[in-house]
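Peer 1: Dropping the sequence and predicted coords here.
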Amino acid sequence: VELVESGGGLVQAGGSLRLSCAASGITFDDYAINWFRQAPGKEREGVSCISGSEGSTFVTDSVKGRFTISRDDAKNTVYLQMNSLKPEDTAVYYCAAVRLLCTSVVGLYEYWGQGTQVTVSS
């Protein structure tokens with residue numbers, strides 16, 4: 001099983017990035033995919049999650065209205081469109097997979113990607 005994130009980079013405040021999480025080795029639509037992020041010296045936090053099957057989505061309050069999660073099961077890929085980026089969005093972003101339903105319990109996620117760095121300059 002492999003989750004591979006891509007799309008991170010350096011962007012100015014107010015800019016946009018689209019992260020991708022490509023999965024292999026799992027029945028993709030059986031899994032919910034959550035984007036987490038971790039900034040230096042801070043705990044890992046859930047950003048946005050999309051469930052398997054019906055595709056319910058969840059977004060943490062700090063990014064609501066700016067970030068949108070979507071999935072393309074034909075491509076085994078989940079996307080995180082990030083608009084109006086702020087310096088406080090700077091972090092390493094990880095995608096993680098858990099069976100079917102999104103959960104905030106980090107320990108329940110079975111598979112993790114290696115992370116992609118997002119840096120937002122002011």
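Peer 2: Cool, got the structure. Numbers count the residues shown, from 1 in each chain.

Peer 1: Return the list of strands paired to the helix or strand encompassing Ala96, each annotated with direction.
Peer 2: Taking DSSP states H and E as the definition, one finds Ala96 inside strand 91-99. According to DSSP bridges, strand 91-99 forms sheet pairs with strand 31-38 (antiparallel), strand 111-112 (antiparallel), strand 116-121 (antiparallel).

Peer 1: and that strand, how far out from the chain's middle?
Peer 2: Taking the mean C-alpha point of strand 91-99 and that of its whole chain, the gap between them comes to 5 Å (C-alpha atoms, centre = their mean, to the nearest Å).

Peer 1: In contact with the residue nearest in space to the middle of the chain: list those residues for me.
Peer 2: Of all residues in the chain, the one closest to the mean position by C-alpha atoms, centre = their mean is Trp35, 2.3 Å from it. Taking C-beta atoms under 8 Å, 6 or more residues apart in numbering as the definition of contact, the neighbours of Trp35 are 19, 21, 46-49, 69, 78, 80, 93-95. C-betas here are computed from N, CA, C, even on glycine.

Peer 1: Which single one of those residues is nearest to Asp30?
Peer 2: When the contacts of Trp35 are compared for distance to Asp30 (C-beta to C-beta), Val78 comes out closest, at 13.4 Å.

Peer 1: name the element the closest one belongs to?
Peer 2: strand 77-82.

Peer 1: in stretch 22-29, what's buried?
Peer 2: Counting neighbours by 16 or more other C-beta atoms under 10 Å, one finds that the buried residues in stretch 22-29 are 22-23, 26, 28.

Peer 1: Which of these fall in strands?
Peer 2: With strands identified by DSSP state E, the entries of those that belong to them are 22-23.

Peer 1: Take the buried residues of stretch 22-29 and write them to TSV, including pLDDT and distance to Ser84.
Peer 2: Listed next are the buried residues of stretch 22-29 as TSV, based on pLDDT from 0 to 100; distance: C-beta to C-beta, whole Å:
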residue	pLDDT	distance to Ser84
Ala22	98	25
Ala23	97	28
Ile26	92	32
Phe28	91	29
